[in-house]
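[1] Predicted coordinates and the sequence they were generated for:
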Amino acid sequence: MQTIVFDVETGPLAEGELSALLPPFDPAEVKTGNIKDPEKVAAKIAEAEASHRRDFFDKAALDPLTGRVVAIGMLVFDELSEAGPAMDSGKCVIIGHDDEAQTLREFWQYTQAEMGRMNPMIGFNIFGFDLPFLFRRSWKRRVPIPFGLRRGRYWGDQLIDLRDAWQLGDRQARGSLDSIAKHLGVGAKNGDGKAFAELWRTDRKQAEAYLRNDLDLTVRIAHALGVCA
């Protein structure tokens, strides 16, 4: 049985698809205050409409209704303990096909161990983002999801969310991957995930380096928190 540390990177759907999903804009909701000049009123409404579209596109990558899985990074360990292996002892696997369904199928295959069991899996905020996104995009693409990852209202016991461990039951506790890594003195992010989809398209090597760094931070946080599968 292997332990998989993973991270999912997402991006927006194609512009044509997003345009079709853009919620209607209601000019009547724009507050024009005491502006009387018709041209200024029209300009304010046009600005509000442009902002409406821009905000929708900017947030598209974070919603499985408007975004897609661009890449999934994994560090696959034969053994992972609290003492921790050397960082290069994990096999780095990055999956990212133009065909999203193929990316999902290959990732789900890695989750499965022998005898119908599931490999232990560790990530950061995987309960709040990564896994729900993967499930919903898999439903969209009709990609089968392995049995056992979800049990009714709860996630399987083989899944460890480091953000959940950090919160200690306090859902108001703050902390991103970057801020917690810095707090623990184990490193920092080397880029902005919002730009990942474009980086993946234009500079694959740099995009993979960004994803690998996120995986390394996840492993280091797991060790600092005394978490092991």
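    The structure has been received and is ready for your questions.
[2] what bits of the protein have low per-residue confidence?
    Scanning the chain for pLDDT under 70 picks out the ranges 79-88, 115-116, 228-229.
[3] residue ranges for the strands of the chain, please.
    Listed from the start of the chain, the chain has strands (DSSP state E) covering 3-12, 67-77, 91-95, 121-123, 150-151, 154-155, 159-161.
[4] now those strands in TSV, with distance to residue 29?
    Backbone N, C-alpha and C define where each C-beta goes, glycine included. Shown next, in TSV, are the strands of the chain (distance: least, C-beta to C-beta, whole Å):
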stretch	distance to residue 29
strand 3-12	24
strand 67-77	26
strand 91-95	42
strand 121-123	39
strand 150-151	39
strand 154-155	39
strand 159-161	38
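[5] how about the helices in the protein?
    15-21, 38-59, 100-111, 131-141, 162-167, 177-184, 196-202, 204-224 (DSSP state H).
[6] which outside residues touch stretch 158-175?
    For stretch 158-175, the surrounding residues in contact (C-beta atoms under 8 Å, 6 or more residues apart in numbering) are 118-128, 131, 148-149, 155, 180, 183, 218, 221-222, 225, 227, 229.
[7] Are any of those buried, and if so which?
    With burial judged by 16 or more other C-beta atoms under 10 Å, the buried subset of the contacts of stretch 158-175 is 118-126, 131, 149, 155, 180, 218, 221-222, 227, 229.
[8] My guess is residue 180 contacts residue 222. True?
    No - at 11.1 Å, residue 180 and residue 222 do not qualify as touching, with contact defined as C-beta atoms under 8 Å.
[9] Nearest residue to residue 186 in space, please, no chain neighbours.
    Once flanking residues are discounted, residue 186 sits nearest to residue 220: 3.7 Å by C-beta to C-beta, 6 or more residues apart in numbering.
[10] any idea how far stretch 111-121 is from the chain center?
    Relative to the centre of its chain, stretch 111-121 is centred 22 Å away, using C-alpha atoms, centre = their mean, to the nearest Å.
[11] cool, stretch 32-44 as well?
    41 Å.
[12] List the buried residues in that stretch.
    residue 44.
[13] Name the residues that touch that stretch?
    Residues contacting stretch 32-44 (C-beta under 8 Å, 6+ apart): 30, 45.
[14] at 7 Å instead, please
    residue 30 (C-beta atoms under 7 Å, 6 or more residues apart in numbering).
[15] gap between the two ends of that stretch?
    7 Å (C-alpha to C-alpha, to the nearest Å).
[16] ok, residue 12 touching residue 18?
    Yes - applying C-beta atoms under 7 Å as the test, residue 12 and residue 18 come out as touching, 6.1 Å apart.
[17] Would you mind telling me which of the two has more residues around it?
    residue 12 (21 against 16; other C-beta atoms under 10 Å).
[18] Look up the closest residue to the more buried one, ignoring the ones flanking it.
    residue 60 (3.7 Å).
[19] and the one you found, how many neighbours does it have?
    As a burial measure, residue 60 scores 22 neighbours (other C-beta under 10 Å).
[20] Now do the contacts for the nearest residue to residue 62 once chain neighbours are set aside.
    Using C-beta to C-beta, 6+ apart and skipping the chain neighbours, the partner closest in space to residue 62 is residue 10 (6.9 Å). By C-beta under 7 Å, 6+ apart, the contact set of residue 10 is 61-62, 67-70, 133.
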